[in-house]
Structures are given as C-alpha cells and as structure tokens.
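> Predicted model and sequence below, questions to follow.
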Number of protein chains: 2
Amino acid sequence: MSENGVSSRAKVLTIDTMNPTVKKVEYAVRGPIVQRALELERELSQGMKKPFVEVIKANIGDAHAMGQQPITFFRQVLALCSYPELLNDTTFPEDAKSRARRILQSCGGYSMGSYSASQGIESVRQDVARYIERRDDGVPCDPDDIYLTTGASDGIVTVLKLLVCGEGAARTGVMISIPQYPLYSAALAELSAVQINYYLNEETCWSMDISELQRALDEARRHCNPRALCIINPGNPTGQVQSRQCIEDVIRFAAKERLFLMADEVYQDNVYADSCKFHSFKKVLFDMGPEYSNTVELVSFHSTSKCYMGECGFRGGYMEIINMDDEVKAQLTKLVSVRLCPPVPGQALMDLVVNPPQTGEPSYDKFIKERTATLSALAEKATLTEQVLNTVQGISCNPVQGAMYSFPRITIPEKAIKEATDNGQQPDMFYCMKLLEETGICLVPGSGFGQKDGTYHFRMTILPPKDKLTILLNKVKEFHQKFTQQYS
Amino acid sequence: MSENGVSSRAKVLTIDTMNPTVKKVEYAVRGPIVQRALELERELSQGMKKPFVEVIKANIGDAHAMGQQPITFFRQVLALCSYPELLNDTTFPEDAKSRARRILQSCGGYSMGSYSASQGIESVRQDVARYIERRDDGVPCDPDDIYLTTGASDGIVTVLKLLVCGEGAARTGVMISIPQYPLYSAALAELSAVQINYYLNEETCWSMDISELQRALDEARRHCNPRALCIINPGNPTGQVQSRQCIEDVIRFAAKERLFLMADEVYQDNVYADSCKFHSFKKVLFDMGPEYSNTVELVSFHSTSKCYMGECGFRGGYMEIINMDDEVKAQLTKLVSVRLCPPVPGQALMDLVVNPPQTGEPSYDKFIKERTATLSALAEKATLTEQVLNTVQGISCNPVQGAMYSFPRITIPEKAIKEATDNGQQPDMFYCMKLLEETGICLVPGSGFGQKDGTYHFRMTILPPKDKLTILLNKVKEFHQKFTQQYS
Ligand SMILES: Cc1ncc(COP(=O)(O)O)c(C=O)c1O
Ligand SMILES: Cc1ncc(COP(=O)(O)O)c(C=O)c1O
C-alpha cells in the first residue's frame, strides 16, 4: 500500500460511527470553563502576564484541593492498613491500630490488596448498618441491604441502570430536580432514559413543591413511563436543606404515583442554617408507618467525598437498598460482581466515617476538634458567601443552608445576552468565561445544572479558605459591577 | 389503605420490569460455586462437620488473598501518601519518601483525598508513558494517550461503550476469544452488543488461528457489524502466551478487516515458559511500519491487580489509546469525567508499578528480591500444576506459559453428563460443585468462560502457596479418579 493509501485508510471508530448515546452526555463541572482554567494555570506558570496572579477554582466540591486538612485518625488508620509493619510503631494511637487490625482481618490475606466481596467487605457493611441505625434513632438496618460503591457516582449509575427499560412511550423516565447535579443527566443520557425535569422553587429557597412534581409527572406520562424520582438533599448545586414535611410529602407522592425513590444524601453532615436539620428519607419513611415503610422502594446514597471528611480521591461510598424486590436485588449483586469490587482503601475509609473514634478512646478529642473545626468553618463561609453576594446589585443569593455551594441568580444585561447568543454561547457561560479571563476565578455557569428559561446563575463552592473566599467574593462583586456597566 | 392493601401494592421494580440487558449479564468467577464456597466457610466456622477442614479458593486471580505478600516499597509509599506526617519518620527509606512527595505534589492540596483529573494524574501518566517506552524498546508514547482507570475492568467497559452502536444487522459485533474472561461477555450483554466467538485452539496450546478468526468474522458479518477484536495475552483462563508471529498476523488481519483492536495485557509480567516472551501489541504494531502503526486503532489495558504486585483491591489500571480519532478521544475524555476520577491510591500504586526503585536507590535490592521471589514461585507453581494434572487419567492440561491459571480439559463420564443435564446443570458445573462439596476446593467450571461444545474444563488459579497447591492438586486427582469410577 502506498504512503497515500495508508493515510487514507479510514478509522474504524469515528465521531459518526461511535455510540450516539455517549455523544449526548454532558458534564459541566469539568467542562470548557475548567479546561480553560487549567490552561490559564499553565500559562501563569510559564510566566505569561495575566490580570491576576492565581486561578481560584470554586467549580468543584473538592475540599482537600482547596486546602482542607484530612482527619488525622482516618489517615493514620489508612497508613496502618497500607503498611501493617506500622502496627509495631509506638507513635500511633491504640484505637487507630485496633481499627486497622479489624479492617485487615476482614481483608483476604490480611491485605487491602485483595479483592473484597463485590457488595463490599462484610464488617464494613455491618458498621454502615449500625451507623444508619444510630443516625435514624433506631430504625433497623440490615447489612445485607448495604452495597459499598466506588463513590456515590457509581451507586447512582448502577441503580439507574437497573431501572431503565422499554421503548418509545414505554421508555423509562426518571424525574430529576432542576437545577441538578449533572451526573444525573449524564447517566440518563448514556442509558437513553427519558429525563423528566421538575423545577425547584427559587423564590422559596429552592424548595420542592408537590404541585410541580405533579405537573412534571403528568406531562411526562404522555410520552414515557416515569418510574423513578431523584432527590438531592442537602442540595447540589442549590444548597437547600429539605424540611421533614417536604420529605414526607415527597414520599407520599412517590407511593401514590408508584415511583422508585433515589435519595442522594451525600451532604448529610453539611447542614449550617440554625433552622435546618438533616432528615434522612429512610427515617421519615419509617416514621410514616408500615403503609409506607413496607412498600416504598428507596435507595439512599452516601459518600466519603463530602461532609467533614472530603475524601474524594479515595472513591468510597455506600448505598442502602430499601424494599427492593429480592430477585432484582440478586440481579444487582450479580451486576456489581462484574466490576469485581469497589476500591478497598475507599471501603476502609467509609468504615472509619461510619465508625469514628468513640468517647474515651485516645483519638476521640482530636477527631471531634478536627471535625468541628471543618464544619464550623464551612458554616461561616456559607454565611459569608450569601451575605457578600447579596450586597451586589444584580446578584441575589438564597441562604446556603447546607451542602457546599451557592447558586446565586445573576442579572445579565440584554446587550451581553445578545453578544453571547450571537457567539452561540449560553449567556451565563459567556459571563463565567469573562470572569475567568479577567479575574482567574473559575465558577460553573448555571446552564450546566439547568435553570428556568430566562434566568441565569452560577455555581460557586464555599470551599476556598476564608481569606481566599473573601478575595474571591469581592472580585466577583467588582466584576459583576463592571460587567453590568459595560453591557448597559 | 388496609393492611391488605399495603402488602398488595406492587413493586415498581421487579424482575419483569427491570432492564432486560442486565438480566442477560453473567459472571462465573463470582457465580453460584463461589456463593456456595462462602456458605461452606461459614458452616465450617460454625463447627459443622465437613469432609474437609478448610475451603481452598482457586477460583479467582487474587494473589494477596492467597497469601502473596505485597511489595514493601509500594506499601511504604502508600502509607507515606496516606499519612504525610510519616515523611518525618526516619525509619522509611529516602527513595520511598521522595516518591511519596512527588505523588503528593501532583495531588490537589497535597492530598490523595482530592479528585484528580478525570484522565488521571498528569505525572502518573508521564511515568506510564516512560514505562511503555522502556518496555517497547523506545517506541514513543504520549502521556496524552494514557488514561488511568479503576482497574482494567473499567477501561475495557469504557472502550466497549464507545464502540457499540447500530440496530439489527448493523449492530456492533465484538470478537472475543473462547474461552474468555467473562468480563467481556458480561459487558457486551449489558451493552446489547453482538458477541462474536472465535475459538482458541486447545490442541496447539490455545493458540489463535487466523483462519478461525476469519471464519468467525465471515459468519458474523451476516447478522451484525463486526468492529472490534479483543485479545487477552497472556491468556485468561487459558494461560497461553502468544508468539510475536501470531500477534503480527492478528494485526494484519485487523487492518485488512478494519477491526478496532483491544489488547488485554494485564498479565504482561506473568510469563513463565522458557520458550515464551511477552510481546506487546503496540511494539509489534510499530515494528510493522507506518502502513500499520499510523492506522490500526489499538487500545492496550494494564492493571495493578496482576503480575508480581497482585494489588487487586486498589483498583488501579491504565489504558493506552493508539490511533484513536481525535474527536472520539475528546468524547472519551468527557465520558470518563462523569465518574470524576479513578481512585487516587490506585493511581499512586500504578505509578509505583511503572516507576519502581532504580539501581542504586536504597529500596532497589529488596524490591528486586521480592519481585523475583514472587515471579519464580509462580513459575514453579505453573509447572507443578501442569505436571500433576497431566498425571491424571482423564485430565489433560496445556502448559501454563503465563498468566495465573490452568484450564485443563476433563473427561466427564456419560452417566455424569446425563445426571447433570437431568438436573438442568452444565456437566462441568456439576463436577465442580461435587468437588467443592467433597474436598472444599473451589474452582470455576469451564462453561463460565466458554468452551467448544462437548468439551469440559475447569479453571484453577496457580496462586495458592506451594504446599496448599500440592494438597489441592492431589485432592483434585483423587476426586477425579473417584468421580470417574463412580459414574462409569
Ligand atoms: C449530589 C452529589 N451526588 C453525588 C456526587 C458524587 O460524589 P462521589 O462520586 O465523589 O461520591 C456528588 C459530587 O459532587 C454530588 O454533589
Ligand atoms: C484478562 C483480565 N482482564 C482484566 C481483568 C480485570 O482486572 P482488574 O479490573 O482488577 O484490573 C482481569 C482480572 O482477573 C483479567 O483476568
């Protein structure tokens, strides 16, 4: 074959011949803005001049990357499990050692290097079950209903995979909040499921209204088969914490309309507002009595990535399966076995999260001090963020009741909207891109999460250290004023 | 609603209303035999009497679970990365510390708890690229073509996902070897792709014959659109190592027939037979000149789970993408971003595997000693397995040239075949189940991997320690003789 012949041999796999469902997937949290932020960092490090000295990333809920310190006890146990020789080291506290021994005893060959059971290490699942029972004031939890996962993401995608079937008007529809965490839309696109949007009510602090759920469901029934309802509480990107009443209403709605409930509760420790408290869907379900607790199908997701620990890189998580049909559960167990097992260090970490040092143990005081410090700093930053943003004309921000984000509404002048649209860009993408280029601040446009037509937002994490967050907020303020002026 | 009304409320998700593609998934390595083995272990521990004192699991390639020790250096670095306080500990060797520092510097906030880039940590991808260049005698490797993965499993499923499209006779077909590692059939079932079986030639030590590839392809073209060819080398479950010539022929075949190549090379260090050597598909491809190296699309998979390290629980791995269309690659990068990132401890471990201690560094001698000991023990056990099994009338076993398994052919008497079939069981499942109940030995029936109709096999790992392996082999021998007698 000639050199020419060679270069003209067409590829087997091209954009036109690849899986079309993959092409439909979008994931804004790591989209073009973040790509550009990385480029800018590289340019800065190469000495290029910019109107800022550093890129501040407030685009992703990644606490350690923003300087949050890990919990000492957790990391001590992980080090002991990684290199058990250290069990002879007298500088490690005894409770860390006994925790490490217990984890290692549950690992094949006393090593985190063994595959675990696909559902997760049994002793870890037992500890998770006891944690849930404590959290939910004694509502019973069976370790057999716990599946450890590779981060919550893995669990969410797996459960959606079980649910999706049918063609045309019988295709499975899944209700998700708008704004949403884009993992949901991405997974639904990949599975070719029908995404059913229900809108959170920005006017009442991003609350969930049953009438809106009903509207979305009724409309969807005309063209698909709605089977599941996803809730994120505390909310990402919106930072609200749902009331007990609201959760009860949602459960009643799900029961009435025969919807499988998926409760994303990865921010369960991240509640800052005095008026708010985390209520797990499971606890509320069981409080509603057997009519509900014996029938409503619910999966709840948790993760090591958020709360006070912020251990994203370990990819730990679990899900609890409630009222799942036994045959389906057997299918789930089979399905997860194909990937062999979740990462064992992540399982170990999940174990420590659900079974931290207890009163009287040597590491208890330090653990409490570290956890409290992290959660109070987050609470403080939640308030700071809301306050500063609300001082800006043209930005309005709901209270950050929980989670790690604010999702303020921004007024974008008509001229800017036109310029963006002429460039084929979403107006809030245009806004965020300009913000990044002028200030080095990396946020995610609201359009990446979904929003009511004609409204614009950005999502900003509250994770940067307080001094940086203050700078960031002031820069956003300045930028917004300048931008508004420029386009008025 | 009455108590009666409650219990009769039908489930949303049932076996009849769940995703039908999930139901088609099978995964023998963790199937019913393994479930039963776990039960037996529980029964033994509860003091129930059995004809054996322990269950010996030779069903899964899980080295540490079988007592293999981790590489000290790897675990030291992981402990240092988990708990960086240890960097002040004078008992750790300097090279472990500098390696840990380098990894931590590549992590956001100097913590393994941060999400990494979705494609993997940049410095790790650089180290992988340099490793591949060394392995392949200087064939260049671009770190941008490396994607870190959650074990090789994750990479394999992801690439298959990109490839699958079309309906009916245009549906993507993927060629896999029979016998195969059942991840492939499971993933294809889940993706509703067409599985195209090509048979390895047992008579010539499980070699790959081009004429058989051609037969399988030609037949498949009548009912689907074959687009990819998967090869496992060294082989699982069959333990063969492919010759350079064979690989060249396969590449030529893929080029001629326009097939996307997927080379599963997770056992690249596991070569025992003197006459064999590992040849990477990439190296052979590049040796064949630009007509091939510029055009043939190839992905190669590697993992921390196998070779001499056997670190399965960390779920580390990488894939190298060669000649992939740029737009498809962008889609791949987007797709992997939905799951955020592979586990960072697994990435760190992958880094150590591709960049182990160098001559002159303090940990070098120990590392070499440990690695050599593990690999020679495996080589010895490979020979032992083949030898003992071949002394048994009715068992015939190809040389275990590489990987971690033998896949001997077993003669099952007609009467046993009939009894199994009457029970709706595969004859080799019947055989393995009896073996388990009578001896406590857990193997996987050949039917879980696929085999020529009318032939029967089991897969057995060579991983148990030598003394246990000897016991196991002798028990298999006895059992086979007894079984044959009983059913003759
Ligand atoms: C609401 C929500 N669910 C799930 C996840 C996934 O987290 P992980 O997979 O790291 O557990 C996130 C991450 O930001 C999230 O915000
Ligand atoms: C041929 C082959 N490929 C891939 C894998 C997957 O391994 P992992 O996901 O642990 O890297 C295995 C595991 O046994 C295997 O044998």
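Arrived safely. Bear in mind that the values here come from a model prediction, so they are computed numbers and not experimental data. Ligands and ions are numbered 1, 2, ... in the order given.
> Show me what residue of chain A gets nearest to ligand 1.
residue A:151 (2.7 Å; C-beta to the nearest ligand atom). The way it works is simple: take the backbone N, C-alpha and C, and place the C-beta from them, glycine included.
> Break chain A into its domains for me.
A:20-67+A:368-486, A:115-354 (automatic domain parsing).
> Just say which of those domains is most tucked in.
Each of those was scored by mean neighbour count; the highest is domain A:115-354, a mean of 22, by mean count of other C-beta atoms under 10 Å in any protein chain shown.
> For whichever residue of chain A sits closest to ligand 2, which non-adjacent residue is spatially closest?
Here chain A gets closest to ligand 2 at one residue, residue A:340, 5.4 Å apart by C-beta to the nearest ligand atom. Residue nearest to residue A:340 in three dimensions, not counting chain neighbours: residue A:115, with 5.3 Å by C-beta to C-beta, 6 or more residues apart in numbering or on different chains.
> any idea how far the host helix or strand of residue A:100 is from the chain center?
Using DSSP states H and E, residue A:100 falls within helix A:94-105. Helix A:94-105 sits 30 Å away from the centroid of its parent chain (C-alpha atoms, centre = their mean, to the nearest Å).
> Does that helix reach chain B?
No: judged by C-beta under 8 Å from any C-beta of the partner chain, helix A:94-105 and chain B are separated, with a smallest distance of 9.7 Å.
> Spell out the residue ranges of the strands in chain A.
A:56-57, A:146-150, A:172-178, A:194-199, A:225-232, A:260-264, A:298-303, A:316-322, A:395-396, A:405-406, A:409-410, A:441-442, A:444-445, A:458-461 (DSSP state E).
> Can you tell me what sits against the first one?
Among residues not part of strand A:56-57, those counted as contacts by C-beta atoms under 8 Å, 6 or more residues apart in numbering or on different chains are A:34, A:37, A:65-66, A:440-442, A:464, A:468, A:471-472.
> repeat that for 6 Å
A:441-442, A:472 (C-beta atoms under 6 Å, 6 or more residues apart in numbering or on different chains).
> got it, and the third one?
Residues outside strand A:172-178 that contact it (C-beta under 6 Å, 6+ apart): A:163-166, A:184, A:188, A:193-194, A:196-200, A:220, A:224-230, A:450.
> just the angle between it and strand A:260-264, please?
30 degrees (axes from the mean of the first three to the mean of the last three C-alpha atoms, to 10 degrees).
> quick one, phi psi at residue A:59?
phi -100, psi -20 (degrees, to the nearest 10).
> Give the full set of residues in contact with it.
A:34, A:442, A:444.
> Looking at per-residue confidence, what score does it get?
For residue A:59, the model assigns a pLDDT of 90.
> likewise residue A:152?
97.
> what do you get for residue A:21?
On the pLDDT scale, residue A:21 gets 87.
> didn't it look like it was pressed against residue A:190?
Yes: between residue A:21 and residue A:190 there is a contact at 5.4 Å, judged by C-beta atoms under 6 Å.
> any idea how far residue A:164 is from residue A:190?
10 Å (C-beta to C-beta, to the nearest Å).
> Ok, residue A:360 next?
According to C-beta to C-beta, residue A:360 stands 49 Å off from residue A:164.
> Extract the residue ranges of the stretch 1-150 of chain A that are flagged as low pLDDT.
A:1-9, A:28-30 (pLDDT under 70).
> same thing but at 80, please
A:1-9, A:27-31 (pLDDT under 80).
> ditto for the stretch 351-488 of chain A
When residues are selected by pLDDT under 80, none of them lie in the stretch 351-488 of chain A.
> Quick one: the helices in it, in order.
Using DSSP state H, counting those that start in this stretch, the helices found in the stretch 351-488 of chain A span residues A:364-390, A:414-422, A:427-439, A:466-486.
> Dump those into TSV; add distance to ligand 1 as well.
Formatted as TSV, those follow (distance: least, C-beta to the nearest ligand atom, whole Å):
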stretch	distance to ligand 1
helix A:364-390	14
helix A:414-422	27
helix A:427-439	18
helix A:466-486	19
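> And those: which comes nearest residue B:139?
helix A:427-439 (38.8 Å; C-beta to C-beta).
> distance between that closest one and the chain's centre?
The answer for helix A:427-439 is 24 Å, by C-alpha atoms, centre = their mean.
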